[in-house]
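Trainee: have a look at this prediction, sequence included:
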Amino acid sequence: MNKGKIVVALGGNALGNTPQEQLQLVKKTATVIADLTEEGYTVILGHGNGPQVGMINNAMAYASEHDNTPSMPFAECVAMSQGYIGYHLQQAVSNELRRRGIDKSCAAVVTQMIVDENDPGFKDPSKPVGIFYDEAKARELMETTGDIYKEDAGRGWRKVVASPMPLEICELDLLKELVAKECIVITVGGGGIPVVKEENGDLRGVSAVIDKDNACARLAIDLDADRLIILTAVDRVCINFNKPAQKELSEMTLEEAEEYIREGQFAPGSMLPKILACMKFVSESGKEALITSLEKAKEGLEGKTGTLIRR
């Protein structure tokens, strides 16, 4: 029995810091995706790329500076990260489905996302990418490279780049065809490759990283998904996080979420983007969103854990 379409957003930090580590970690993701497929859900999987695109960008910049390798634009670095993460996920999910005797196809689609070239995000870079540094090293890098580094939710300092809002998925019609055939689709990787549309209709890549939670919310709305699920490091969203009065939330309404945001309950570089993306999906679709951990995705859909966001 088909229980409906779910868009699952997987964080790039859950995939490790090296290709070798990622190749092992995606096996855990594949197990969860196969579990949900066995339960009767049509799964559409989006993923982040913060650590991965930072690694690629740093490597290409080093090669350009030291080995006369041609400079690589940032949009192309996003495309590279989308390609190799998609390859790992597609391979792992396909292997797990085959082992279970599940006859379904899994496809990773290189996906472009249209953004507004005048988006305020280009004037105020805020999206963390790459590895964490201590403050001293981050300030040294800012002086030597001209890049911008900011403290990220108490975890250290990271390079930040522009993060415009996603407006339109270029390959949406293709995604709809694949979903209609109940394929497991991996898409909007890293939030999608950021592009702008010229006056003549041509697309052009721009230097940015789109937040994957916002991209998955856009995807879930456009595909008329039954639920958006954002996977993170905790089973439930908390208020007063890491304080004596910490409290887990099993659910919250849009109104309650807005009040918690006004109180500053959610860290800008961590939980806040997830809450905002869920609110957008719930507000536009009238359906519910869920935030929980990768390990508890199935239990979350059963109402046993996770934080449900609803009207």
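Mentor: Perfect, thanks for sending it. Because the structure is a prediction, the values reported are computed rather than measured.
Trainee: secondary structure element for residue 79, which one?
Mentor: Secondary structure from DSSP states H and E places residue 79 in helix 74-100.
Trainee: that helix - what's its average pLDDT?
Mentor: Averaging pLDDT along helix 74-100 yields 95.
Trainee: tell me the helix or strand right after that helix.
Mentor: strand 106-108.
Trainee: run through who's touching the helix or strand just after that next one.
Mentor: Proceeding N to C from strand 106-108, the next assigned helix or strand is strand 112-114, under DSSP H and E. Strand 112-114 is contacted from outside by 166-171, 188, 191-197, 203, 210, 215, 218, using Cβ atoms under 8 Å, 6 or more residues apart in numbering. Yep, even glycine has a C-beta here, placed from its N, CA and C like the rest.
Trainee: spit out the contact partners of the residue nearest to residue 15 when sequence neighbours are not counted.
Mentor: Excluding its sequence neighbours, the residue lying closest to residue 15 (Cβ to Cβ, 6 or more residues apart in numbering) is residue 22, at 4.5 Å. Neighbour list for residue 22: 15-16, 52, 85, 88 [criterion: Cβ under 8 Å, 6+ apart].
Trainee: same deal with residue 53?
Mentor: Listed by Cβ under 8 Å, 6+ apart, the contact set of residue 53 reads 12, 74, 77-78, 80-81, 129-130, 190, 209.
Trainee: quick one: mean pLDDT for the helix or strand where it lies?
Mentor: Per DSSP H and E, residue 53 falls inside helix 50-66. In this model, helix 50-66 has an average pLDDT of 84.
Trainee: that helix: which residues count as buried?
Mentor: By neighbour count on 16 or more other Cβ atoms under 10 Å, the buried set for helix 50-66 is 50-58, 60-61.
Trainee: got the CA positions of that helix in CSV?
Mentor: Output in CSV follows, covering the C-alpha atoms of helix 50-66 (Å, rounded to 0.1, in the frame of the first residue of the first chain):
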residue,chain,number,x,y,z
GLY,A,50,28.4,22.1,3.5
PRO,A,51,31.5,20.1,4.4
GLN,A,52,31.8,18.6,0.9
VAL,A,53,31.6,21.8,-1.2
GLY,A,54,34.0,23.5,1.2
MET,A,55,36.5,20.7,0.8
ILE,A,56,36.2,20.8,-3.0
ASN,A,57,36.4,24.6,-3.1
ASN,A,58,39.5,24.6,-0.9
ALA,A,59,41.2,21.8,-3.0
MET,A,60,40.5,23.6,-6.3
ALA,A,61,41.7,26.9,-4.9
TYR,A,62,45.0,25.3,-3.7
ALA,A,63,45.5,23.5,-7.0
SER,A,64,44.9,26.8,-8.9
GLU,A,65,47.4,28.7,-6.7
HIS,A,66,50.1,26.0,-6.7
